[in-house]
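fold the following and give me the result.
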Amino acid sequence: MDGPVRRVRVLGDSGYDVAVGSGALGELAAAMDRFAGARTALVISETVRRLHGERLLHLSGEWDRHVFIMPDGEEHKSLDFAKGAFEWMLREGLTRKSVVIGVGGGVVGDFSGFLAALFMRGLPVIHVPTTLLAMVDSSVGGKVAVNISAGKNIVGVFHQPAFVAADISLLATLPDLELKNGLTEAVKHALIGDEPLRALFDRTRAADMRVPEVLDEIVYHSVRFKGSIVERDEREEGIRAILNFGHTVGHALESLSGYRGITHGQAVALGMKAEILVSRRLGMLREDDCARALGLIDKFGLAETRVSFGADEIVRHMRYDKKNSGGSIRPVLLAGPGKPVFDIPVEEGILAHTLGALFG
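All right, here's what the predicted structure looks like:
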(Lines give C-alpha, C1' and ligand atoms only; values in the text may rest on other atoms or scores of the structure.)
Protein backbone atom coordinates (compact mmCIF):
# COMPACT_ATOMS: atom_id res chain seq x y z
CA MET A 1 0.00 0.00 0.00
CA ASP A 2 1.26 3.45 -0.89
CA GLY A 3 2.00 5.76 1.99
CA PRO A 4 3.01 9.40 2.36
CA VAL A 5 5.84 10.57 0.15
CA ARG A 6 8.35 13.09 1.45
CA ARG A 7 10.60 15.14 -0.77
CA VAL A 8 14.18 16.20 -0.10
CA ARG A 9 15.58 19.02 -2.22
CA VAL A 10 19.23 18.64 -3.18
CA LEU A 11 21.31 21.60 -4.41
CA GLY A 12 18.57 24.17 -3.94
CA ASP A 13 16.82 26.00 -6.78
CA SER A 14 19.16 24.62 -9.43
CA GLY A 15 18.98 21.07 -8.09
CA TYR A 16 16.49 18.21 -7.95
CA ASP A 17 14.00 16.43 -5.72
CA VAL A 18 14.38 13.02 -4.12
CA ALA A 19 10.95 11.51 -3.44
CA VAL A 20 11.05 9.07 -0.50
CA GLY A 21 8.26 6.74 0.56
CA SER A 22 6.03 3.83 -0.45
CA GLY A 23 4.45 5.58 -3.39
CA ALA A 24 7.41 7.51 -4.78
CA LEU A 25 7.08 5.64 -8.09
CA GLY A 26 3.76 7.39 -8.57
CA GLU A 27 5.63 10.68 -8.89
CA LEU A 28 7.73 9.45 -11.79
CA ALA A 29 5.15 10.38 -14.42
CA ALA A 30 5.08 14.01 -13.27
CA ALA A 31 8.88 14.12 -13.33
CA MET A 32 8.80 12.89 -16.94
CA ASP A 33 6.38 15.61 -18.04
CA ARG A 34 9.30 17.97 -18.61
CA PHE A 35 10.70 15.46 -21.12
CA ALA A 36 7.44 14.88 -22.97
CA GLY A 37 8.02 13.07 -26.25
CA ALA A 38 11.67 12.36 -25.54
CA ARG A 39 13.06 9.00 -26.60
CA THR A 40 13.96 7.26 -23.36
CA ALA A 41 16.63 4.70 -22.56
CA LEU A 42 15.37 2.58 -19.66
CA VAL A 43 18.44 0.87 -18.17
CA ILE A 44 17.27 -1.90 -15.85
CA SER A 45 18.99 -4.80 -14.12
CA GLU A 46 18.10 -8.40 -14.93
CA THR A 47 16.84 -9.10 -11.42
CA VAL A 48 14.73 -5.94 -11.18
CA ARG A 49 13.26 -6.65 -14.62
CA ARG A 50 12.19 -10.06 -13.36
CA LEU A 51 10.81 -8.87 -10.01
CA HIS A 52 9.32 -5.49 -10.83
CA GLY A 53 9.44 -5.16 -14.60
CA GLU A 54 5.69 -5.39 -15.21
CA ARG A 55 4.97 -2.64 -12.68
CA LEU A 56 7.72 -0.37 -13.98
CA LEU A 57 6.92 -0.89 -17.65
CA HIS A 58 3.27 -0.13 -16.93
CA LEU A 59 4.30 3.21 -15.45
CA SER A 60 6.30 4.00 -18.56
CA GLY A 61 3.67 2.72 -20.99
CA GLU A 62 3.15 5.99 -22.85
CA TRP A 63 6.82 6.90 -23.16
CA ASP A 64 8.96 6.30 -26.23
CA ARG A 65 11.05 3.88 -24.20
CA HIS A 66 13.86 1.57 -25.26
CA VAL A 67 14.87 -1.03 -22.70
CA PHE A 68 18.51 -1.96 -22.03
CA ILE A 69 18.78 -4.94 -19.68
CA MET A 70 21.99 -4.91 -17.68
CA PRO A 71 23.40 -8.17 -16.29
CA ASP A 72 23.78 -8.30 -12.52
CA GLY A 73 27.24 -7.85 -11.04
CA GLU A 74 29.83 -5.15 -10.43
CA GLU A 75 32.07 -6.66 -13.11
CA HIS A 76 29.71 -5.33 -15.80
CA LYS A 77 30.22 -1.73 -14.67
CA SER A 78 33.17 -1.39 -17.02
CA LEU A 79 34.42 0.73 -19.91
CA ASP A 80 34.03 -2.18 -22.32
CA PHE A 81 30.40 -2.73 -21.33
CA ALA A 82 29.74 1.02 -21.54
CA LYS A 83 31.07 1.07 -25.09
CA GLY A 84 28.54 -1.56 -26.08
CA ALA A 85 25.77 0.41 -24.38
CA PHE A 86 26.71 3.61 -26.23
CA GLU A 87 26.53 1.75 -29.53
CA TRP A 88 23.11 0.35 -28.53
CA MET A 89 21.90 3.91 -27.76
CA LEU A 90 22.94 5.01 -31.25
CA ARG A 91 21.18 2.05 -32.88
CA GLU A 92 18.01 2.82 -30.92
CA GLY A 93 18.00 6.37 -32.21
CA LEU A 94 18.66 8.27 -29.00
CA THR A 95 19.61 11.90 -29.52
CA ARG A 96 20.65 14.95 -27.51
CA LYS A 97 16.94 15.40 -26.70
CA SER A 98 16.69 11.97 -25.08
CA VAL A 99 16.62 11.00 -21.40
CA VAL A 100 18.05 8.04 -19.46
CA ILE A 101 16.27 6.30 -16.59
CA GLY A 102 18.30 3.94 -14.41
CA VAL A 103 16.27 1.33 -12.54
CA GLY A 104 18.20 -0.92 -10.17
CA GLY A 105 20.86 -0.90 -7.50
CA GLY A 106 24.06 1.10 -7.23
CA VAL A 107 25.71 -0.61 -10.20
CA VAL A 108 22.85 0.31 -12.53
CA GLY A 109 22.66 3.82 -11.09
CA ASP A 110 26.37 4.42 -11.60
CA PHE A 111 26.31 2.89 -15.07
CA SER A 112 23.18 4.67 -16.32
CA GLY A 113 24.44 7.98 -14.95
CA PHE A 114 27.78 7.42 -16.70
CA LEU A 115 25.99 6.73 -19.98
CA ALA A 116 23.84 9.84 -19.58
CA ALA A 117 26.80 12.05 -18.70
CA LEU A 118 28.84 11.12 -21.78
CA PHE A 119 26.39 10.28 -24.55
CA MET A 120 26.05 13.23 -26.96
CA ARG A 121 27.93 15.29 -24.32
CA GLY A 122 25.22 14.82 -21.72
CA LEU A 123 21.60 13.71 -21.30
CA PRO A 124 19.31 14.07 -18.28
CA VAL A 125 19.15 11.04 -16.01
CA ILE A 126 16.44 9.94 -13.59
CA HIS A 127 17.28 7.39 -10.92
CA VAL A 128 14.85 4.78 -9.60
CA PRO A 129 16.94 3.01 -6.94
CA THR A 130 15.67 -0.44 -6.01
CA THR A 131 18.13 -1.34 -3.24
CA LEU A 132 18.64 0.25 0.15
CA LEU A 133 22.27 0.96 -0.77
CA ALA A 134 21.26 2.94 -3.84
CA MET A 135 18.50 4.81 -1.99
CA VAL A 136 20.64 5.99 0.91
CA ASP A 137 23.80 6.67 -1.02
CA SER A 138 24.64 6.24 -4.69
CA SER A 139 21.47 7.73 -6.25
CA VAL A 140 22.11 11.09 -4.56
CA GLY A 141 25.04 13.37 -5.28
CA GLY A 142 25.81 12.92 -8.96
CA LYS A 143 28.94 10.77 -8.77
CA VAL A 144 28.86 8.30 -11.69
CA ALA A 145 31.69 6.06 -12.82
CA VAL A 146 32.88 2.72 -14.17
CA ASN A 147 35.66 0.45 -12.97
CA ILE A 148 38.99 -0.53 -14.51
CA SER A 149 41.35 -3.30 -13.45
CA ALA A 150 43.36 -0.98 -11.18
CA GLY A 151 40.39 -0.03 -9.05
CA LYS A 152 36.78 0.87 -8.53
CA ASN A 153 35.17 4.04 -9.92
CA ILE A 154 38.44 5.26 -11.42
CA VAL A 155 36.82 6.59 -14.62
CA GLY A 156 33.89 8.88 -13.92
CA VAL A 157 32.32 12.33 -13.78
CA PHE A 158 29.88 14.39 -11.73
CA HIS A 159 26.42 14.33 -13.32
CA GLN A 160 23.49 15.25 -11.08
CA PRO A 161 20.13 13.55 -11.74
CA ALA A 162 16.97 15.36 -12.77
CA PHE A 163 14.88 13.41 -10.25
CA VAL A 164 15.15 10.44 -7.88
CA ALA A 165 12.23 8.17 -6.91
CA ALA A 166 13.13 6.13 -3.80
CA ASP A 167 10.09 3.90 -3.39
CA ILE A 168 10.37 1.91 -0.15
CA SER A 169 7.94 -0.75 -1.40
CA LEU A 170 10.61 -1.96 -3.84
CA LEU A 171 12.70 -3.12 -0.87
CA ALA A 172 10.24 -5.88 0.06
CA THR A 173 11.98 -8.30 -2.34
CA LEU A 174 15.51 -7.32 -1.31
CA PRO A 175 17.66 -10.24 0.00
CA ASP A 176 19.07 -9.90 3.51
CA LEU A 177 22.63 -9.49 2.26
CA GLU A 178 21.58 -6.62 -0.01
CA LEU A 179 19.68 -5.01 2.85
CA LYS A 180 22.88 -5.09 4.93
CA ASN A 181 24.76 -3.41 2.09
CA GLY A 182 22.48 -0.43 2.44
CA LEU A 183 22.52 -0.49 6.22
CA THR A 184 26.31 -0.20 6.06
CA GLU A 185 26.12 3.12 4.22
CA ALA A 186 23.40 4.38 6.57
CA VAL A 187 25.47 3.36 9.62
CA LYS A 188 28.37 5.24 8.00
CA HIS A 189 26.20 8.36 7.95
CA ALA A 190 25.36 7.81 11.62
CA LEU A 191 29.04 7.49 12.56
CA ILE A 192 30.15 10.62 10.69
CA GLY A 193 27.50 12.99 11.97
CA ASP A 194 23.87 12.09 11.22
CA GLU A 195 22.49 12.35 14.76
CA PRO A 196 18.87 11.34 13.98
CA LEU A 197 20.14 8.18 12.29
CA ARG A 198 22.49 7.42 15.18
CA ALA A 199 19.57 7.70 17.60
CA LEU A 200 17.42 5.50 15.36
CA PHE A 201 20.08 2.78 15.17
CA ASP A 202 20.76 2.94 18.90
CA ARG A 203 17.10 2.27 19.75
CA THR A 204 16.18 -0.16 16.95
CA ARG A 205 16.75 -3.88 17.04
CA ALA A 206 18.46 -5.64 14.15
CA ALA A 207 15.33 -7.78 13.76
CA ASP A 208 13.26 -4.67 12.98
CA MET A 209 15.32 -3.45 10.04
CA ARG A 210 12.73 -4.68 7.53
CA VAL A 211 9.84 -2.75 9.07
CA PRO A 212 8.72 -0.34 6.30
CA GLU A 213 8.43 2.60 8.67
CA VAL A 214 11.99 2.01 9.88
CA LEU A 215 13.30 1.76 6.32
CA ASP A 216 11.45 4.93 5.39
CA GLU A 217 13.18 6.81 8.21
CA ILE A 218 16.59 5.37 7.32
CA VAL A 219 16.27 6.45 3.69
CA TYR A 220 14.78 9.87 4.47
CA HIS A 221 17.42 10.84 7.03
CA SER A 222 20.26 9.43 4.91
CA VAL A 223 19.14 11.44 1.87
CA ARG A 224 18.82 14.59 3.97
CA PHE A 225 22.25 14.10 5.48
CA LYS A 226 24.03 13.29 2.23
CA GLY A 227 22.18 16.09 0.47
CA SER A 228 23.38 18.56 3.09
CA ILE A 229 26.99 17.52 2.47
CA VAL A 230 26.59 17.71 -1.31
CA GLU A 231 25.13 21.22 -0.92
CA ARG A 232 28.37 22.31 0.76
CA ASP A 233 30.75 20.54 -1.62
CA GLU A 234 29.18 19.29 -4.84
CA ARG A 235 32.42 18.23 -6.55
CA GLU A 236 34.24 16.67 -3.59
CA GLU A 237 36.87 19.35 -3.20
CA GLY A 238 36.67 19.30 0.58
CA ILE A 239 34.10 18.21 3.18
CA ARG A 240 32.33 15.74 0.86
CA ALA A 241 35.33 13.46 1.26
CA ILE A 242 33.92 12.41 4.65
CA LEU A 243 31.30 10.35 2.80
CA ASN A 244 34.17 8.03 1.84
CA PHE A 245 34.60 6.86 5.43
CA GLY A 246 35.41 3.15 5.23
CA HIS A 247 35.85 3.27 1.46
CA THR A 248 39.64 3.62 1.22
CA VAL A 249 40.07 0.16 2.70
CA GLY A 250 36.73 -1.07 1.33
CA HIS A 251 37.47 -0.28 -2.30
CA ALA A 252 40.87 -1.95 -1.99
CA LEU A 253 39.18 -5.13 -0.73
CA GLU A 254 36.65 -5.06 -3.57
CA SER A 255 39.33 -4.50 -6.19
CA LEU A 256 41.51 -7.30 -4.85
CA SER A 257 38.56 -9.69 -4.87
CA GLY A 258 37.68 -8.87 -8.48
CA TYR A 259 34.26 -7.76 -7.14
CA ARG A 260 33.37 -11.34 -6.26
CA GLY A 261 33.03 -13.05 -2.91
CA ILE A 262 32.65 -9.86 -0.89
CA THR A 263 29.82 -7.36 -1.14
CA HIS A 264 30.27 -3.59 -1.20
CA GLY A 265 28.61 -3.38 2.21
CA GLN A 266 30.88 -5.99 3.75
CA ALA A 267 33.96 -4.32 2.28
CA VAL A 268 32.96 -0.88 3.56
CA ALA A 269 31.97 -2.25 6.99
CA LEU A 270 35.42 -3.84 7.30
CA GLY A 271 36.92 -0.60 6.01
CA MET A 272 35.10 1.41 8.68
CA LYS A 273 36.36 -0.98 11.35
CA ALA A 274 39.90 -0.58 10.09
CA GLU A 275 39.69 3.20 9.92
CA ILE A 276 38.12 3.37 13.40
CA LEU A 277 41.02 1.29 14.74
CA VAL A 278 43.55 3.51 12.95
CA SER A 279 41.87 6.53 14.55
CA ARG A 280 42.25 4.90 17.96
CA ARG A 281 45.88 3.94 17.27
CA LEU A 282 46.69 7.54 16.34
CA GLY A 283 45.17 8.78 19.60
CA MET A 284 42.32 10.60 17.84
CA LEU A 285 39.50 8.45 19.26
CA ARG A 286 38.88 7.52 22.88
CA GLU A 287 38.69 3.85 23.74
CA ASP A 288 35.03 3.97 24.77
CA ASP A 289 34.03 5.85 21.59
CA CYS A 290 36.01 3.33 19.54
CA ALA A 291 34.15 0.45 21.21
CA ARG A 292 30.75 2.11 20.61
CA ALA A 293 31.49 2.69 16.93
CA LEU A 294 32.66 -0.88 16.41
CA GLY A 295 29.66 -2.11 18.37
CA LEU A 296 27.21 -0.37 16.07
CA ILE A 297 28.72 -2.15 13.05
CA ASP A 298 28.58 -5.49 14.88
CA LYS A 299 25.01 -4.92 16.12
CA PHE A 300 23.67 -5.33 12.60
CA GLY A 301 26.18 -7.98 11.50
CA LEU A 302 27.58 -5.81 8.72
CA ALA A 303 31.15 -7.14 8.61
CA GLU A 304 30.51 -10.88 8.80
CA THR A 305 32.96 -12.12 6.20
CA ARG A 306 36.55 -13.30 6.08
CA VAL A 307 39.42 -11.63 4.24
CA SER A 308 42.25 -13.72 2.82
CA PHE A 309 44.42 -10.88 1.49
CA GLY A 310 47.62 -9.86 3.21
CA ALA A 311 47.89 -6.47 4.87
CA ASP A 312 50.67 -5.28 2.57
CA GLU A 313 48.63 -6.29 -0.47
CA ILE A 314 45.64 -4.27 0.77
CA VAL A 315 47.83 -1.25 1.45
CA ARG A 316 49.23 -1.38 -2.08
CA HIS A 317 45.72 -1.16 -3.50
CA MET A 318 44.86 1.67 -1.11
CA ARG A 319 47.46 3.76 -2.95
CA TYR A 320 44.99 4.08 -5.85
CA ASP A 321 42.40 5.85 -3.70
CA LYS A 322 41.24 9.15 -5.21
CA LYS A 323 41.58 11.03 -1.90
CA ASN A 324 45.32 10.41 -1.73
CA SER A 325 47.73 13.25 -2.38
CA GLY A 326 51.41 13.96 -1.95
CA GLY A 327 52.19 10.27 -2.29
CA SER A 328 50.45 9.41 0.99
CA ILE A 329 47.31 7.45 1.86
CA ARG A 330 44.61 9.60 3.47
CA PRO A 331 41.64 7.58 4.73
CA VAL A 332 38.75 9.28 6.51
CA LEU A 333 39.27 9.00 10.28
CA LEU A 334 37.21 9.80 13.39
CA ALA A 335 38.22 12.38 16.00
CA GLY A 336 35.15 11.52 18.07
CA PRO A 337 31.50 10.48 17.63
CA GLY A 338 30.20 12.26 14.56
CA LYS A 339 33.53 14.04 14.00
CA PRO A 340 35.11 12.77 10.76
CA VAL A 341 38.42 14.18 9.57
CA PHE A 342 40.04 13.84 6.17
CA ASP A 343 43.25 14.79 4.39
CA ILE A 344 45.45 13.40 7.17
CA PRO A 345 48.32 11.25 5.85
CA VAL A 346 48.71 7.89 7.58
CA GLU A 347 51.96 5.95 7.49
CA GLU A 348 51.69 2.71 5.55
CA GLY A 349 53.28 0.84 8.43
CA ILE A 350 50.43 1.88 10.76
CA LEU A 351 47.87 0.86 8.17
CA ALA A 352 49.53 -2.52 7.59
CA HIS A 353 49.79 -3.22 11.34
CA THR A 354 46.13 -2.34 11.90
CA LEU A 355 44.93 -4.39 8.95
CA GLY A 356 47.07 -7.33 9.99
CA ALA A 357 45.59 -7.27 13.49
CA LEU A 358 42.03 -6.93 12.18
CA PHE A 359 42.20 -9.60 9.49
CA GLY A 360 44.90 -11.85 10.91
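
any low-confidence regions in this protein?
Residue ranges of the chain with pLDDT under 70: 1-2, 60-61.

give the contact list for residue 255.
Listed by CB atoms under 8 Å, 6 or more residues apart in numbering, the contact set of residue 255 reads 150, 151, 152, 317, 320. Every C-beta, even on glycine, is put in place using the N, C-alpha and C of the backbone.

the residues you listed in strands, which ones?
Cross-referencing these against strands under DSSP state E gives 151, 152.

quick one: which of the contacts of residue 255 is most hemmed in?
Per-residue neighbour counts (other CB atoms under 10 Å) across those peak at residue 152, which has 26 neighbours.

wait, that one touches residue 251, no?
Yes - counting by CB atoms under 8 Å, residue 251 is a contact partner of residue 152 at 4.7 Å.

which other residues reach stretch 76-87?
Here stretch 76-87 has contacts from 43, 68, 70, 107, 110-111, 114-115, 118-119, 146-148, 155, using CB under 8 Å, 6+ apart.

how about a cut-off of 10 Å?
41, 43, 45-46, 68, 70-71, 75, 94, 106-112, 114-115, 118-120, 145-149, 152-155, 259 (CB atoms under 10 Å, 6 or more residues apart in numbering).

returning to that earlier point: shared neighbours of residue 152 and residue 251, which are they?
With CB under 10 Å, 6+ apart, residue 152 and residue 251 have common neighbours 264, 267, 317, 320, 321, 322.

how close does residue 116 sit to residue 107?
15 Å (CB to CB, to the nearest Å).

tell me where this protein has strands.
Here the chain has its strands, by DSSP E, at 6-10, 16-20, 39-45, 64-70, 99-104, 125-129, 143-148, 151-158, 163-166, 333-334, 340-341.

switch those over to a markdown table; also include distance to residue 283.
Output for the strands of the chain, formatted as a markdown table (distance: least, CB to CB, whole Å):
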| stretch | distance to residue 283 |
| --- | --- |
| strand 6-10 | 37 |
| strand 16-20 | 39 |
| strand 39-45 | 45 |
| strand 64-70 | 46 |
| strand 99-104 | 43 |
| strand 125-129 | 39 |
| strand 143-148 | 32 |
| strand 151-158 | 30 |
| strand 163-166 | 40 |
| strand 333-334 | 11 |
| strand 340-341 | 13 |
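
residue 22: which of the contacts of residue 255 is nearest?
Checking the contacts of residue 255 against residue 22 with CB to CB, the nearest one is residue 152 at 31.7 Å.

could you list which residues are in contact with the closest one?
Residue 152 touches 74, 77, 110, 145-146, 247, 250-255, 259, 264, 267, 317, 320-322, counting by CB under 10 Å, 6+ apart.

can you flag the buried ones in the residues you listed?
Buried members of the contacts of residue 152, counted by 16 or more other CB atoms under 10 Å: 74, 77, 110, 145-146, 247, 250-255, 259, 264, 267, 317, 320-322.

okay, and which of the shared contacts of residue 152 and residue 251 map to helices?
Those of the shared contacts of residue 152 and residue 251 mapping onto helices are 264, 267, 317, per DSSP state H.

show me what the top helix by length along the chain is packed against.
Determined from DSSP H, the single longest helix within the chain is helix 212-232. When contacts are defined as 3 or more CB pairs under 10 Å, 6 or more residues apart in numbering; DSSP states H and E, helix 212-232 sits against strand 6-10, strand 16-20, helix 132-133, strand 163-166, helix 176-192, helix 195-203.

6 Å - rerun?
Using 3 or more CB pairs under 6 Å, 6 or more residues apart in numbering; DSSP states H and E as the contact test, the elements touching helix 212-232 are strand 6-10, strand 16-20, helix 176-192, helix 195-203.
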